[in-house]
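S.K.: Structure, please.
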Amino acid sequence: MPWCPKCGIEYKEGTTVCGKCGGGLTEEEETPIAPAALYEDSAEKAADNKSSGCMLLAVGVLGLAAVILGITGVLPLRLNGSMKYMTYGVMSALFLLFVVMGVISMRSYRFFAQKAKSENSLRSTIKKWCLENLKTGEIDGELDGEELSEEEKYFKRTFLVKQKISRQFLNLDESFLDNFVDEIYDTIFKKERKE
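M.R.: Purely as a prediction, here's the structure:
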């Protein structure tokens with residue numbers, strides 16, 4: 001149950017106004033914080049889809065071949081009457097489903113492989129820009145003048161780097177940007193320490 005920030009009285013869930021003092025939650029307090037989306041690399045997705053597609057196609061084709069050999073009598077399977085048709089029908093449908101799913105996975109592989117190429121191109125462009133334009137001294141100059149722990153520096157630096165990249169490269173996916181900044185952080189700040 002929510003609590004009123006003014007008088008501390010618990011009020012009914014679903015309402016945003018306290019019955020006692022008329023106070024309530026502000027819009028900022030009402031809005032739940034959405035969890036950050038996790039970044040999934042397109043190259044990894046492409047590799048996963050390719051391996052899944054190959055496996056499904058192989059099992060589906062081999063299974064269909066076995067069913068055809070069973071129906072023609074090449075494989076010595078002894079099935080009686082209607083059981084024979086039901087078994088072959090179910091097995092054929094199953095292996096055909098494997099083939100269809102394999103084809104779908106291979107199509108997804110092509111899509112993600114193309115997306116991975118464009119992501120890698122974008123990643124290299126952003127990395128080049130970061131190495132040319134982002135300097136530790138400039139970023140640290142924008143931080144508060146107070147002494148900060150390494151953890152506080154990390155979070156404030158990361159925030160500033162994200163802002164600068166977002167201004168230069170518009171409409172970047174938030175999870176892609178978070179992942180990229182985590183990758184480039186050490187390169188930017190360790191490179192500057194060595195100089």
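S.K.: what number of residues lie near the nearest residue to E142 once chain neighbours are set aside?
M.R.: Counting by CB to CB, 6 or more residues apart in numbering, E142 lies nearest to L160, which is 5.7 Å off, once chain neighbours are set aside. C-beta: built from backbone N, CA, C; applies to glycine. By other CB atoms under 10 Å, the residues close to L160 number 17.
S.K.: so L160 makes contact with G141?
M.R.: No. With contact defined as CB atoms under 8 Å, L160 does not reach G141; the gap is 10.1 Å.
S.K.: List the contacts of A65.
M.R.: Applying CB atoms under 8 Å, 6 or more residues apart in numbering to A65 gives no contacts.
S.K.: any idea how far the helix or strand harbouring it is from the chain center?
M.R.: Using DSSP states H and E, A65 sits within helix 42-72. Relative to the mean C-alpha coordinate of its chain, helix 42-72 is positioned 26 Å out (CA atoms, centre = their mean, to the nearest Å).
S.K.: Are there helices or strands packed against the helix or strand that it is followed by, and which ones?
M.R.: Later in the chain than helix 42-72, the nearest helix or strand by DSSP H and E is helix 81-133. Under the contact criterion of 3 or more CB pairs under 8 Å, 6 or more residues apart in numbering; DSSP states H and E, helix 81-133 touches helix 42-72, helix 150-168, helix 174-194.
S.K.: For N120, find the nearest of those helices.
M.R.: helix 42-72 (7.4 Å; CB to CB).
S.K.: picking that back up, got a list of what the residue nearest to E142 touches?
M.R.: I139, E142, L143.
S.K.: care to break the chain down by domain?
M.R.: Following automatic domain parsing, the chain resolves into domains at 1-33, 42-115, 134-195.
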